[in-house]
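Visitor: What follows is a predicted protein model with its sequence.
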Amino acid sequence: MDNNTYKPETVLCIPGNWKDQTEIVSAISKNNGNEFILAGMTLLNLKTNQGFEVQICEQDERMKDSFEYAGAVNGISEKFLQEIERHKSVIYVIAETGDLASAKAVAEAGNAILKSGGIGIKVESAGKAFTKEHWSGLLDEYVELNLYKMFVIDSVNENGRIFSCGMHNLGFKDCIAYEEDLEGSENLISIFGHYLFIDRPEIKDNQTFSINSESEIFVISEERNQPYKGDELFENPFGMWKLEKKA
């Protein structure tokens, strides 16, 4: 697969209290100056002329539970979840990503919906939820590392396997750790994920990685059986690195 041409899809879920599409169109125009408008089912960034697919859905009774699960990593409150439960409609923003520029662009598109009455936002293609204030704050005080905070979960625990999810939104491989110590695995994956994002190393099978000079050494190889294999939202088309203790 050519990572330079393949574009995965990022999906943002934004519940709100809009009654219908007419109200949504008006709210976006009113609250975004001359930056965004909704034209048909396309959210258009007027400054860049970039369009984002939009889907508008009715109230979803599963939304509170979904946000509660996906928002655990960010410590969202019960008060916020009650607001989510009272939502009247949902806007989905969908875009091709797979690199930092396109991820930032869709993050800003999602923020335009938040400014227009969205209650909170969930990255469906990572399973991570935010309050409106948290998401907007990461853009208001933007540094590139904030994209990692927005689009990546670096410690998913599924049946004893610890792995990251969402790196494909940014154009990177995810990582899975085979380590007996749960806390150690979570720390290892977080540090390795930040290493991938910040340093952009060229990695090949059987290279080694260590957190520091005194830590255990791990062998890096390609994970052939991703935990989310076949899931169009979560599977990473760029691949997944596997970290195992060096024998």
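Guide: Thanks, I have the structure now. Numbers count the residues shown, from 1 in each chain.
Visitor: quick one: the top helix by length along the chain to chain centroid distance?
Guide: Looking across the chain with DSSP state H, the single longest helix is helix 182-199. Relative to its chain's centre, helix 182-199 lies at 17 Å (Cα atoms, centre = their mean, to the nearest Å).
Visitor: Is residue 216 part of a helix or strand, or is it coil?
Guide: Classification of residue 216 using DSSP: H, G, I helix; E, B strand; the rest coil returns coil.
Visitor: Now it. Nearest residue, chain neighbours left out?
Guide: Excluding the flanking residues, the one nearest residue 216 by Cβ to Cβ, 6 or more residues apart in numbering is residue 245, at 5.9 Å. (C-beta placed from N, C-alpha, C; glycine too.)
Visitor: Can you tell me the SS state at residue 219?
Guide: strand.
Visitor: wait, what's in contact with it?
Guide: Contacts for residue 219 (Cβ atoms under 8 Å, 6 or more residues apart in numbering) come out as 206, 207, 208, 243, 244, 245, 246.
Visitor: Lowest mean pLDDT among the helices and strands of the protein, which one is it?
Guide: strand 153-158 (a mean of 87; mean pLDDT, DSSP states H and E).
Visitor: what about stretch 188-207, start to end distance?
Guide: End-to-end distance of stretch 188-207 (Cα to Cα, to the nearest Å): 16 Å.
Visitor: Run through who's touching that stretch.
Guide: Residues from elsewhere that reach stretch 188-207, judged by Cβ under 8 Å, 6+ apart: 145, 148, 152, 154-155, 162-164, 167, 170, 172-177, 179, 209, 211, 218-222, 241, 243.
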